[in-house]
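**Student:** mind looking at a prediction? Sequence and model below.
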Amino acid sequence: MPRRSTAPRAAAAGAELRSLPTWEAGSIDVPFVVARMDELIEQDTAWDEHAHPTHELLWNATGFSELTVGRRTWTVSPTLGMWLPAGTVHRGYAPAGTRYCTAQFSVTAAPALAEGPVAVEITPLLRALLERLDDAALAPESLRLTEAMLIDVLRPAAHELLVDMPTQGVLAPIVAALDRDPGDERGLPAWAELAGVSVRTLSRAFRDETGMSFSDWIARLRAQRAIVMLAAGIHPVDVAERVGYRSVSAFGAALRRTTGMTPGAFRRD
């Protein structure tokens, strides 16, 4: 039987909310090695916390989305997917226009790529092998070979767009405020005064809790929010203002530093 999720639901305002069961790893015997599917999201959609009995590879054919495990949120794109070991409780969000893809891997036939969630580069070879699974004319031996090659070429990515959102301690109220409004322009001194600690203490807390400086952390948070808005068709001028940049040029420079890409790379046609 599936485990029941007791976590609160988190969804963007006005988004369709989908609920799925939370299964233990390997709790269902599946009749496949790898099973692939995709769906075009026609309206903003959020998935409540759930888990699969199989390992899952998630990526997008078009658009950018978010996947959250605990307090960590990753950006998912056409070139950067996510591997989730079976039984990993997660939730997600995809704006309208996203075509997401998933591949479910049998826990008995495919070894876990990592102990926990990990980003995966969706290379042209990996994409071609995944698409080949849809060929109904594949002979059984060809299907077995495709599945074996697919499992063999899966590798963790060298980079990822990940934001860690601490929920306890001195950072919790600051992170919660910036989560609600990533455009808040207060800097570290103002947040330190609000928290009643020194700038040094707060700076060290960000390093210890998230592994990065406050400036790098807020840049990643803003980049994640901006990418989803750009992919949803919101104009860069409006996105820049919403995530705390006073000009499109400053926003573009910050996005390039964080992601290596310009705002135009994320915009929906």
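**Tutor:** Okay, I see it.
**Student:** show me where the protein has its strands.
**Tutor:** 16-18, 34-40, 45-50, 55-62, 65-69, 72-76, 80-84, 90-94, 99-105, 118-121, 162-164 (DSSP state E).
**Student:** the first one pairs with which strands, and in what direction?
**Tutor:** So that's strand 16-18. strand 45-50 (parallel) (DSSP bridges).
**Student:** tell me what angle the partner strand forms with strand 34-40.
**Tutor:** 140 degrees (axes from the mean of the first three to the mean of the last three CA atoms, to 10 degrees).
**Student:** so for strand 45-50, mean pLDDT?
**Tutor:** Mean per-residue pLDDT for strand 45-50: 96.
**Student:** by how many degrees do that strand and strand 90-94 diverge?
**Tutor:** 180 degrees.
**Student:** circling back to that earlier point, save the strands of the chain as a markdown table, and put in mean neighbour count and distance to Ala219 too.
**Tutor:** For the C-beta atoms, the positions are set from N, CA and C on the backbone; glycine is no exception. As requested, the strands of the chain are arranged in a markdown table below (neighbours: other CB atoms under 10 Å; distance: least, CB to CB, whole Å):
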| stretch | mean neighbour count | distance to Ala219 |
| --- | --- | --- |
| strand 16-18 | 13 | 29 |
| strand 34-40 | 15 | 31 |
| strand 45-50 | 20 | 24 |
| strand 55-62 | 21 | 23 |
| strand 65-69 | 22 | 16 |
| strand 72-76 | 23 | 13 |
| strand 80-84 | 24 | 18 |
| strand 90-94 | 23 | 20 |
| strand 99-105 | 21 | 26 |
| strand 118-121 | 20 | 18 |
| strand 162-164 | 20 | 10 |
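**Student:** could you say what helices and strands whichever helix in the chain runs longest packs with?
**Tutor:** As assigned by DSSP state H, the longest helix anywhere in the chain is helix 214-231. Contact here means 3 or more CB pairs under 8 Å, 6 or more residues apart in numbering; DSSP states H and E; on that basis helix 214-231 packs against strand 65-69, strand 72-76, strand 162-164, helix 172-180, helix 188-195, helix 199-210, helix 236-242, helix 248-259.
**Student:** average pLDDT for that helix?
**Tutor:** 93.
**Student:** could you give the angle of it to helix 172-180?
**Tutor:** 30 degrees.
**Student:** on that earlier part again, closest to His52 out of the helices and strands packed on helix 214-231?
**Tutor:** strand 65-69 (12.7 Å; CB to CB).
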